[in-house]
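**Student:** Got a sequence here, can you model it:
(2 chains)
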Amino acid sequence: MKRILIKDLDNHIDEQVRIQGWLQTLRDQKNMQFLIIRDRTGLVQVAHYKKGNLELAETISMLGTESALTLTGKVVKNEVVKLGGLEIQLEDLSVEGAADVPLPFEPYGEFLPDQDFRLDWRYLDLRRDLNRLIFEVQTTAEQAMREYWLDHDFVEIHSPKIMGAPSESGAELFSLPYFETTAYLAQSPQFYKQMAMAAGFERVFEIGPVFRADPSFTSRHMTEFTGVDMEMSWIDSHEDVMAFMERWLAYTYEKVIEAHGEAIEETFGVHLTVPSVPFPRITMAEAHDLLEDLGYKLPPGKVFDLDPGAERAIGAHFKETQGHDYVFVTEWPFEVRPFYHMLKSEGGSLTRSFDLLGKGLEVTTGAQREHRYDVLQTQALAKGLTLEPIQNYLNYFRYGTPPHGGFGFGLSRFLMIMLDLSNIREAVYLFRGPTRLTP
RNA sequence: GGGGGCGUGGUGUAGUGGUUUAACAUGCGGCCCUGUCAAGGCCGAGACCGCGGGUUCGAAUCCCGUCGCUCCCGCCA
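**Tutor:** The predicted structure follows:
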């Protein structure tokens, strides 16, 4: 017999059906047993008259909640049943996966344990509808991003995650034994996607893992996360990248709202709207003036930079004045940017780079890259780097590499912003942090 | 790496110097009742209050250390 999903049961009134799911609640009475069964589409009550099958009644009595079951029975309309006005009269039940008693915690209980405890039992935590929705949204979002890229002639790449030499600073790299030598886990596909520009691919994207050996203890950092990266050639400035990005993001919102807007509103209380294009923009200098007006005081060291509090303040300001969740911060000083960001003007101190803040959270860094070999060398030296370790990278710019730029975007941070999640651990399938390597 | 907060039955909390044989909820076990539906009623098991030291006549409660978790800062996506 074919399995029927719970949401479709009302199309099968008075039919015998087979359903599969988890036992959410068991009400074991003197004459009757009521089982509330959950599958990924909903809940249904299953009724069993004990005297009709004493052996089955005994099996049911022994069941632990959250056991995985296959049940067959007849679907009947019953207005008395508060759960959908229908129920299944049980005929047979098989226990596919019994749940030990007691459970570490009840996924559908009145209260939830601490997050750290839920993470220990992540698969039980993930049984909650809310968690399933997060990953449905993620799936839709990624598909929309890909659609948009493909509609704009992008090519997908998968760059290696094992590297022979530290690429940028080296401080935040994990190292690992690699036969007779030491290898490093990629902390960004940055250099490899730029290589694709040197290769003439013109437009590439990659969605893949990124590793950062920073011992960061915050609600928005992970040591492994999914980076969403793109790079495009023949641009005039970083403004071309920003213009592409905001349309790409708006398209993603459109698709997510179309598929999950209602569910998101119900579950997270967030009414999603497509962010209007163009997104607000503010230069670093303007941002500092704004912060002064807002009465936000930056720490003394942050002369040409922002701290998280400043980012939140700027985000809140644009929400208030323009009703916009996103804002680009542009014209970052070279001092706080990597050596490969192109300068705004030759010899100047500002770069052609931007950050994108979503609800005050940094979700993207992007820039036009410096593609001129000699200028790039000069900038690396200005940062105090030695050229030898990055010579392979520098070589990408020796034989005709077009002007280009791109960005890196945090997938889980994006979900946090979209769904108002307060902690990145809730937005990722399995969290990895300085003290969390399991499950 | 620096700073703050928290750590009490399986889980979530209360208790913050002596009416504590540590309370309540939920979960678990047993019984009762009932086509139940946030089911209800009664009974029961389950915590030496993270760990170690100290102060005190007396410590879950105060102090010190330590470990764990968490948030903020640094850093970034």
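
**Student:** Domain boundaries for chain A, per the record?
**Tutor:** For chain A, automatic domain parsing gives the domain ranges A:6-97, A:129-426.

**Student:** Any part of the first one near RNA strand B?
**Tutor:** By that I understand domain A:6-97. Yes. Domain A:6-97 is in contact with RNA strand B by CB under 7 Å from any atom of the strand, via A:25, A:27, A:29-32, A:34, A:45, A:47, A:49, A:64-65, A:78, A:80-83, A:87, A:89. For the C-beta atoms, the positions are set from N, CA and C on the backbone; glycine is no exception.

**Student:** Out of these, list just those in strands.
**Tutor:** A:Thr25, A:Arg27, A:Met32, A:Phe34, A:Gln45, A:Ala47, A:Tyr49, A:Glu87, A:Gln89 (DSSP state E).

**Student:** Need the buried ones from those selected in ChimeraX.
**Tutor:** Selecting only the buried entries of those in ChimeraX, with 16 or more other CB atoms under 10 Å as the criterion:
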select /A:34,45,47,87
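
**Student:** Any chance of CSV for the ones in strands among the residues of domain A:6-97 next to RNA strand B, columns pLDDT and distance to A:Glu224?
**Tutor:** As requested, those are exported to CSV (pLDDT from 0 to 100; distance: CB to CB, whole Å):
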residue, pLDDT, distance to A:Glu224
A:Thr25, 93, 37
A:Arg27, 92, 43
A:Met32, 91, 50
A:Phe34, 94, 44
A:Gln45, 95, 42
A:Ala47, 94, 47
A:Tyr49, 92, 52
A:Glu87, 94, 45
A:Gln89, 95, 49
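
**Student:** RNA strand B: which of the ones in strands among the residues of domain A:6-97 next to RNA strand B is nearest?
**Tutor:** Closest to RNA strand B out of these is A:Phe34 (3.3 Å), distances taken as CB to the nearest atom of the strand.

**Student:** ok, that closest one - contacts?
**Tutor:** Residues in contact with A:Phe34 (CB atoms under 8 Å, 6 or more residues apart in numbering) are A:Thr25, A:Leu26, A:Arg27, A:Gln45, A:Val46, A:Ala47, A:His48.

**Student:** Kindly report the same for A:His12.
**Tutor:** A:Ile4, A:Val75.

**Student:** Which of the domains of chain A has the highest mean neighbour count?
**Tutor:** Burial of the domains of chain A is given as mean neighbour count (mean count of other CB atoms under 10 Å); domain A:129-426 ranks first at a mean of 17.

**Student:** Would you mind measuring the gap between the ends of it?
**Tutor:** End-to-end span of domain A:129-426 (CA to CA, to the nearest Å): 13 Å.

**Student:** So it, near RNA strand B or not?
**Tutor:** Yes. Judged by CB under 7 Å from any atom of the strand, domain A:129-426 comes into contact with RNA strand B through A:172, A:188, A:212, A:214-223, A:225, A:227, A:299, A:302, A:305, A:307-309, A:311, A:336, A:362-365, A:408-410, A:412-413, A:423-425.

**Student:** what about chain A, any weak spots by pLDDT?
**Tutor:** Scanning chain A for pLDDT under 70 picks out A:167-171.

**Student:** how about the helices of it, start to end?
**Tutor:** A:54-62, A:115-120, A:122-125, A:129-151, A:190-198, A:238-268, A:284-294, A:308-322, A:373-382, A:391-394, A:411-419 (DSSP state H).

**Student:** Just put those in a markdown table and tack on distance to A:Thr351.
**Tutor:** Below are the helices of chain A laid out as a markdown table (distance: least, CB to CB, whole Å):
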| stretch | distance to A:Thr351 |
| --- | --- |
| helix A:54-62 | 67 |
| helix A:115-120 | 38 |
| helix A:122-125 | 40 |
| helix A:129-151 | 25 |
| helix A:190-198 | 15 |
| helix A:238-268 | 8 |
| helix A:284-294 | 10 |
| helix A:308-322 | 18 |
| helix A:373-382 | 10 |
| helix A:391-394 | 18 |
| helix A:411-419 | 22 |
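
**Student:** Which of the contacts of A:Phe34 sits closest to A:Ile235?
**Tutor:** A:Ile235 lies nearest to A:Thr25 out of these, by CB to CB, at 57.8 Å.

**Student:** Next, the contact list for the closest one, please.
**Tutor:** Contacts for A:Thr25 (CB under 8 Å, 6+ apart) come out as A:Phe34, A:Leu35, A:Ile36, A:Thr65.

**Student:** repeat that with 6 Å
**Tutor:** Each residue near A:Thr25 by CB atoms under 6 Å, 6 or more residues apart in numbering is listed here: A:Ile36.

**Student:** Could you do A:Met284 as well?
**Tutor:** A:Glu331, A:Trp332.

**Student:** show me the contacts for A:Arg203.
**Tutor:** A:Asp153, A:Phe154, A:Met232.

**Student:** Among those residues, find me the one that's closest to A:Glu58.
**Tutor:** Nearest to A:Glu58 out of these is A:Phe154 (CB to CB; 60.4 Å).

**Student:** how far away is the closest one from RNA strand B?
**Tutor:** Separation of A:Phe154 from RNA strand B (CB to the nearest atom of the strand, to the nearest Å): 19 Å.

**Student:** Report the beta-bridge partner residues of the closest residue to that residue other than its chain neighbours.
**Tutor:** Nearest in space to A:Phe154, with sequence neighbours left out and distances taken as CB to CB, 6 or more residues apart in numbering, is A:Arg203 at 4.4 Å. For A:Arg203, the beta-bridge partners are A:Met232 (DSSP bridges).

**Student:** and A:Arg203, how far is that from A:Ala196?
**Tutor:** Separation of A:Arg203 from A:Ala196 (CB to CB, to the nearest Å) stands at 9 Å.

**Student:** got it, and A:Glu311?
**Tutor:** A:Glu311 is 31 Å from A:Ala196, by CB to CB.

**Student:** same check, this time on A:Ile257
**Tutor:** Separation of A:Ile257 from A:Ala196 (CB to CB) stands at 32 Å.
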